[in-house]
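>>> Quick one, structure for this:
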Amino acid sequence: VIYIQTAQNFQTLLFNLSAPFVIDFFFEALNSVLPYADVVFCNETEALTLGKKLNWGEDLLEIAQKLRNYEKVNKNKKRIVIFTQGAKATILVRQDQVR
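Numbers count the residues shown, from 1 in each chain. Next up is the predicted model:
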C-alpha cells in the first residue's frame, strides 16, 4: 500500500537490494517493490545476484542498464541505478548515461 501511495503522490522511492540472500530467498517480495523504485542501489555482489536471478548475465554495466529499464509504475521519473564496488569506481546509470 505504501508503494502505491508513493507512486500516486509522485514521491521518490529509494530502494536498497540489501543482501544477496534477500534476492535469492525473497525475490517475489523484492520484485513486487522494484516497479515502484525510483532509485535502486546495491553493491556489486547484490547486483550480480540480481543479474543471475533475472538471467541478465554477469556484466555489471549491462545489469545496471537492464535494471534502469526494468518495469516501472511511475513513468514520469526515470529510474536511477547505483552499484558500489568497494575500492573500484561506483556505477551510476541515469537518463541513459552510464558513469
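
>>> mind checking the end-to-end distance for stretch 71-90?
Using Cα to Cα, to the nearest Å, the span of stretch 71-90 from its first residue to its last is 23 Å.

>>> quick one: average confidence on that stretch?
The average of the pLDDT scores along stretch 71-90 is 91.

>>> Which helix or strand lies directly C-terminal to the helix or strand of the chain with the lowest mean pLDDT?
Using mean pLDDT, DSSP states H and E, the weakest-scoring helix or strand in the chain turns out to be helix 2-8, at a mean of 61. Under the assignment DSSP states H and E, the closest C-terminal helix or strand after helix 2-8 is strand 14-16.

>>> Mind listing what's buried along stretch 72-89?
Along stretch 72-89, these residues count as buried under the neighbour rule (16 or more other Cβ atoms under 10 Å): 72-74, 77, 79-83. C-betas here are computed from N, CA, C, even on glycine.

>>> Equivalent analysis for stretch 39-49, please.
40-44, 46-49.

>>> any idea which of those residues is closest to E58?
L48 (6.0 Å; Cβ to Cβ).

>>> next one: phi and psi at the residue nearest to the spatial centre of the chain?
A centroid search over the chain (Cα atoms, centre = their mean) returns V40, at 3.8 Å, as the residue closest to the centre. Per-residue torsions, V40: phi -120, psi 130 (degrees, to the nearest 10).

>>> hey, what's it bridged with?
In this structure, V40 has beta-bridge partners F15, V81, where bridges are defined by DSSP bridges.

>>> correct me, but it touches L17?
Yes: distance between V40 and L17: 6.9 Å, which falls inside the contact criterion (Cβ atoms under 8 Å).

>>> quick one on the thing from earlier: distance to E28 for the buried residues of stretch 72-89 - can I get that in CSV?
Shown next, in CSV, are the buried residues of stretch 72-89 (distance: Cβ to Cβ, whole Å):
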residue, distance to E28
K72, 18
V73, 17
N74, 21
K77, 24
R79, 20
I80, 24
V81, 21
I82, 24
F83, 23
